[in-house]
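Student: Let me see the structure of the following:
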Amino acid sequence: MPRTIIQPYMRLRRQPDLVDSRRFSDERLQLLHAECSPACMRRTLCPLFLWVVVGVMLITPIARSATIELSGLFRTSFLSPAIASYKITGTGDRNNPLRLPLAKPFDSAQLFMRFRINYDAASIDSQPEDNGEFFVLWLDTVEGADESTHSGGIPNVGIHVNKGTNAFMVRYQSGSESFSNKKFEGGHEYLIVCRLWKTKPGAESPFDALDLWVDPATTDEFKPQASRTHPRSIKVVRWIGISTGRKTESEDKVTVSDIALADSWTSILGLEEEVPVAPYEPDPEPVVVRTVDFRKDIHPILKEHCFECHAGGDPKGEVRLDVLDEALNQTAPRDASASRLVYLVESTNLDERMPPKKRDALSEAEIGKLRAWIDEGFDWDEELLPTPAPKTDHWSFQHIERPKVPKVGNKSWVATPVDSFIARGLESKGLQPAEPADRNTLVRRIAFDLIGLPAATLPPAAEDSIADYAERLMQSKLHGERWGRHWLDVARWAESNGHQHNRDRPHAWRYRDYVIQSLAKNKPFDVFLREQIAGDELPFNTEAIVATGFLAAARYSGNELDKDIQRNDILVDQVNTTSSAFLGLTMECAQCHTHKFDPITIRDYYRLQSFFRNGQPGNVILESDTPGIRNLISRRWAIFDNEHTRLVKLRRKRGYPEPILVQPKTVINGLNGARRKQFQAMEASIAKLPQSWSFYSATNARSQHNVAPHVMRWPLARHAVSLARQKTHLLVRGDVKSRGPEVKPGIPSVFKWNASSTSRLNLADWLTSRENPLTARVWVNRIWQWHFGRGLVETTGDFGKQGTKPSHPELLDWLAVELMEKNWDTRHIHRLILGSNTYRQSSAYIANNAQLDPDNLRYWRWEPRRLEAEAIRDTMLATAGSIDLKAGGASVPRSKVNESNRRSVYLQQKRDNLPHQQMLFDGANAVTSCAHRRVSTVSLQPLYLLNSKFAQRMAREFAKSVEEVHEPRKQVAEAIQRALGRKAEIDELRRGELLTKEHGLVSFCAALMNLNEFLYIP
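Tutor: Sure thing, here's the model as predicted:
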């Protein structure tokens, strides 16, 4: 490319970092037209169509010394949508459409290069053995001409044909390619990273080694996918360029972007460099020199002395020592003296010594080997003694098959397939269904059920059928608010950390709004799940980032003395909540030992935990491409880290014991006046940015995001390198200080799943796969419970052996399959239920049925149930005519709850300080996943509804709205119509008029809001 085009751009790029992107773009284009003659354009740019998408996406800056500068456009920021994006077409012959010099020649030990490439799918030859594709990015000492080959000892990285297949490769010369096993497909953008290095240091040594990575993980530095060496390569790099060849036709469209050079892995991937004193690192793992080998030294001892009684499926000694999970609990890795196994083999008490007294004791040498084995970390050979996969015949772990809809005698009663399954159960017990409820009752029932408000809030039109009315309610945002609150119970969502410090999470409300909006617009449940489990690993989408608030909702105390314990508490919470919410399993037991009832091992537990190891909760800034944000955050951290380092060094000099811990507030208070003022101004600027309390992994995320600093007693590790190093170990009895062997991510072994990766996105794929027997069953069971007050499986959060069996197992499976086959459409399941005669029954009592089925397990009648805490408050507000139906936004602060008229779902959910009325009427505690709210009846409830400030205010406002009708009897009639959704009876009018005359209209309105009819779904 002619230098006349390059040099003006270089002048522009040397302007300050914060450039007006629109002005920058315009000037580029003006320069391009001004400095390129038509001949130049034809000669140089004919195969090269140049777009420039300018948008500054700043990250924590790469150290200047680590970046290799180019004299031109290639200098870009990591993981942006590409500041410079080059669209290349071929010429059918060798061509070099892009060539740029390095600002300075490079001859140091190693040079890293990256670029992104996207081959248009239509450009790829369908028969690569006949033609195939060719594309190369080269590094050379000379520029060469348009037709130069840049081969023969010249480092090349790109795409070539390998055994009839297009593949990624590195090479020094034609015919000596080394190929990656990463599959190459069209229409997909790949990140290519290569390392050119010298096996012998020195300026005169050649760059004789070349490594390749395609879409690497941040931890893959020493695991290249392809490598090639050449003893006579170049010694210095002066030029970089792109070559196309005879396999690159003129119709081919190749997009190349984000080209950069650096001298380190962390720099080329944009990973933050470590600060001098890393404030928030996990406790390092001890470096151990192993002196014993499990297979050679330990297994023979266990086999000779222990396995006769402590091995096999039904061991005589109850404890198994041939299975890692159980053997682990008899030891304390890295502390043999605290291990029960060592205690028993060393015991001098013959009644407890192992092996028993009739057998020979272990020799001192054997005990010494056992001690060394445990002290060195309890290394285990899984190939020699594999952990057996649990087996079970429990119903919920079996594959789901769609049962046939049963044929029943009472065909006229069947409105949807739901009725067929229910009718068969009724007929098998000799039960008769109750009569249908009247229209008025159904309207009120459906309104409370779907929107949590009286029907008058969104009344049906006279011509609306019940199905039409239900459909209109489901399409309302009010439906999202009502059913969103149900899911927030499951997600244990709150707006504070919990525990003793209980600091607020001011941006957590965005997750609540995400849930409400998702349910209001009927987002498919599999998408809903994927976004919550792995939203940061999906292509950039603000909704998906906010959705990870599900994982970020975990509690933690922020005690900096126990960083590893606090981090483990978050991981434990995430595993327990994920398994309960989506799988209906209680995995807590497996944190310390193999589950006593369900087929979940301790290894399964920590393999599942490992999916979450590289992420952390934080305030993720949602405007990822706003100019200057990342630079602002970086400068804020630079001030903080420098002061933190100064204080640590000062305390170390004064003899403070290690590890030296400095609280964030102490760091900030240590800043001098001018520095503190600058710091506070930065904090204020960051605070104004749109943020979400989300869970984010800088190592796995598809797009890099800015994470706002949040000051607390214990901020988590923020460096991508630190997060990438996080490992998961089996913990002995759940103790984070007693780490056993490392485990990799994986699903419980009782399930069969061929995982292609170990990301949370892969976990979400399994959760929503047709092979998973639990997720769909659990979700349709929750839907059923929220409609009827009781699930087909009553223990909604426990589908294991300790849970109840389904009352209608075939109906459960039919609904689960129906959900999956209808693209996880939740609203489709609503329609099947709401349209059924099962749902539309009256609550009439039938004596014969009550004798045969006193608990109504067969659904022979509708069971009225009390509204939840939030619906009671919202119904009082709506009845009084005072409700504020504003949707979304920041929550009403706890201090203003009593004065606010917004729906209860928008009141601040501060752990340990939830709204009083919410807790009084059995609201979820926001500590653990709440599958089913209990319903209590205590004296404080009616007292609250009569005497609380809120209840009295509602009664006054209700009365004031009714006073517009001047005649007392008409006031009573109007009040009953509004409160109960029906016309008043003659006796009610008489008694209401009398009560109003004696005690006033306010008292009458208060009495109405205390009636069961007011508080219950009819």
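Student: what's the burial count for Ile668?
Tutor: Counted with other C-beta atoms under 10 Å, the burial measure for Ile668 works out to 18 neighbours. Where C-beta positions appear, they are placed from N, C-alpha and C, glycine not excepted.
Student: in the strand or helix carrying it, what's buried?
Tutor: Secondary-structure assignment from DSSP states H and E places Ile668 in helix 664-669. Buried residues in helix 664-669, counted by 16 or more other C-beta atoms under 10 Å: Pro664, Val667, Ile668.
Student: now do stretch 994-1004
Tutor: Residues Thr996, Leu1001, Val1002, Phe1004 are the ones in stretch 994-1004 that count as buried (16+ other C-beta under 10 Å).
Student: quick one: contacts for the closest residue to the second one other than its chain neighbours?
Tutor: The spatially closest residue to Leu1001, leaving aside those adjacent along the chain, is Ala959, at 4.3 Å (C-beta to C-beta, 6 or more residues apart in numbering). Contacts for Ala959 (C-beta atoms under 8 Å, 6 or more residues apart in numbering) come out as Ala975, Gly1000, Leu1001, Val1002, Phe1004, Cys1005.
Student: As TSV, the residues you listed with distance to Leu271, secondary structure and pLDDT would be great.
Tutor: Converted to TSV, these look like this (distance: C-beta to C-beta, whole Å; DSSP: H, G, I helix; E, B strand; the rest coil; pLDDT from 0 to 100):
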residue	distance to Leu271	secondary structure	pLDDT
Ala975	66	helix	95
Gly1000	71	coil	94
Leu1001	69	helix	96
Val1002	66	helix	96
Phe1004	69	helix	96
Cys1005	64	helix	96
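Student: what's the burial count for Arg873?
Tutor: Counted by other C-beta under 10 Å, the residues lying close to Arg873 total 25.
Student: So it: helix, strand or coil?
Tutor: The three-state label for Arg873, taken from DSSP: H, G, I helix; E, B strand; the rest coil, comes out as helix.
Student: ok, for it, nearest residue in space, not its chain neighbours?
Tutor: Using C-beta to C-beta, 6+ apart, the closest residue to Arg873 is Ser904 (4.9 Å).
Student: So the one you found is in contact with Thr875, correct?
Tutor: No: shown here, Ser904 and Thr875 do not form a contact pair, counting by C-beta atoms under 8 Å, at 10.1 Å.
Student: Okay, now the unreliable bits of the stretch 701-850 of the chain?
Tutor: For the stretch 701-850 of the chain, the stretches with pLDDT under 70 are 701-706, 709-725, 755-757.
Student: Which parts of it are helices?
Tutor: Residue ranges of the helices in the stretch 701-850 of the chain, as given by DSSP state H, counting those that start in this stretch, are 720-724, 760-767, 775-788, 809-821, 826-834, 847-852.
Student: Only the buried residues of the last one, if you could.
Tutor: Neighbour-count burial for helix 847-852, counted by 16+ other C-beta under 10 Å, picks out Asn849.
Student: so how far is the strand ranked longest in the chain from its chain's centroid?
Tutor: The strand of greatest length in the chain, counted in residues with DSSP state E as the criterion, is given as strand 95-106. Centroid separation between strand 95-106 and its chain, computed with C-alpha atoms, centre = their mean, to the nearest Å, is 42 Å.
Student: Give the rounded mean pLDDT of that strand.
Tutor: Throughout strand 95-106, pLDDT has a mean value of 87.
Student: Compute the inter-axis angle for the one helix or strand Arg195 maps to and strand 95-106.
Tutor: Assigned by DSSP H and E, Arg195 falls within strand 189-197. The directions of strand 189-197 and strand 95-106 differ by 50 degrees, with axes from the mean of the first three to the mean of the last three C-alpha atoms, to 10 degrees as the criterion.
Student: From the chain's centroid, how far away is strand 189-197?
Tutor: Using C-alpha atoms, centre = their mean, we find the averaged C-alpha position of strand 189-197 to lie 28 Å away from the chain's own average C-alpha position.
Student: Could I get the average pLDDT for that strand?
Tutor: Taken as a whole, strand 189-197 has a mean pLDDT of 92.
Student: in the longest strand of the chain, what's buried?
Tutor: Of the residues in strand 95-106, those with enough neighbours to count as buried (16+ other C-beta under 10 Å) are Asn95, Asn96, Pro97, Leu98, Arg99, Leu100, Pro101, Leu102, Phe106.
Student: try stretch 804-819
Tutor: Of the residues in stretch 804-819, those buried by neighbour count under the rule 16+ other C-beta under 10 Å are 806-819.
Student: For that stretch, C-alpha coordinates in PDB please.
Tutor: Written as PDB, here are the backbone C-alpha positions of stretch 804-819 (Å, rounded to 0.1, in the frame of the first residue of the first chain):
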ATOM      1  CA  THR A 804     -42.600 -36.300  46.500                       C
ATOM      2  CA  LYS A 805     -43.600 -38.400  43.500                       C
ATOM      3  CA  PRO A 806     -45.700 -36.600  40.900                       C
ATOM      4  CA  SER A 807     -49.500 -36.900  41.400                       C
ATOM      5  CA  HIS A 808     -49.900 -37.100  37.600                       C
ATOM      6  CA  PRO A 809     -46.500 -38.300  36.200                       C
ATOM      7  CA  GLU A 810     -47.800 -38.800  32.600                       C
ATOM      8  CA  LEU A 811     -49.300 -35.300  32.500                       C
ATOM      9  CA  LEU A 812     -46.000 -33.900  33.800                       C
ATOM     10  CA  ASP A 813     -44.000 -35.600  31.100                       C
ATOM     11  CA  TRP A 814     -46.600 -34.700  28.400                       C
ATOM     12  CA  LEU A 815     -46.300 -31.000  29.300                       C
ATOM     13  CA  ALA A 816     -42.500 -31.200  29.500                       C
ATOM     14  CA  VAL A 817     -42.300 -32.700  26.000                       C
ATOM     15  CA  GLU A 818     -44.900 -30.200  24.700                       C
ATOM     16  CA  LEU A 819     -42.800 -27.300  26.100                       C
END
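Student: Give me the contact list for it.
Tutor: Residues from elsewhere that reach stretch 804-819, judged by C-beta under 8 Å, 6+ apart: 395, 400-403, 405-406, 417-418, 421-422, 425, 525, 776-777, 779-781, 784, 792-795, 825-826, 828-829, 832, 857-858.
Student: Can you say which of those residues are buried?
Tutor: 395, 400, 405-406, 417-418, 421-422, 425, 525, 776-777, 779-781, 784, 792-795, 825-826, 829, 832, 858.
Student: For this protein, give me the ranges with low pLDDT.
Tutor: 1-85, 126-131, 201, 272-288, 357-358, 558-561, 624-628, 698-706, 709-725, 755-757.
Student: Would you map out the domains in it?
Tutor: Under the assignment automatic domain parsing, the domains of the chain span 3-268, 294-375, 627-688, 937-1018.
Student: partners of the closest residue to Val707 other than its chain neighbours in the sheet?
Tutor: Nearest non-adjacent residue to Val707, counting by C-beta to C-beta, 6+ apart: Gly618, 4.5 Å away. Applying DSSP bridges to Gly618 gives these bridge partners: Ser694.
Student: what's around Gly618, how many residues?
Tutor: For Gly618, the tally of surrounding residues (other C-beta under 10 Å) stands at 23.
Student: Correct me if wrong: it contacts Ser694.
Tutor: Yes: here Gly618 reaches Ser694: they are 7.1 Å apart, a contact under C-beta under 8 Å.
Student: can you tell me the helix or strand for Gln917?
Tutor: Assignment of secondary structure by DSSP H and E places Gln917 within helix 916-920.
Student: what packs against that helix?
Tutor: helix 869-879, helix 940-947 (3 or more C-beta pairs under 8 Å, 6 or more residues apart in numbering; DSSP states H and E).
Student: Tell me who's in contact with Phe611.
Tutor: When contacts are counted by C-beta under 8 Å, 6+ apart, Phe611 is found next to Pro745, Thr758, Ser759, Arg760, Asn762, Leu763.
Student: Wait, the last one touches Ile747, no?
Tutor: Translated: Leu763. Yes: under the criterion of C-beta under 8 Å, Leu763 makes contact with Ile747 at 7.2 Å.
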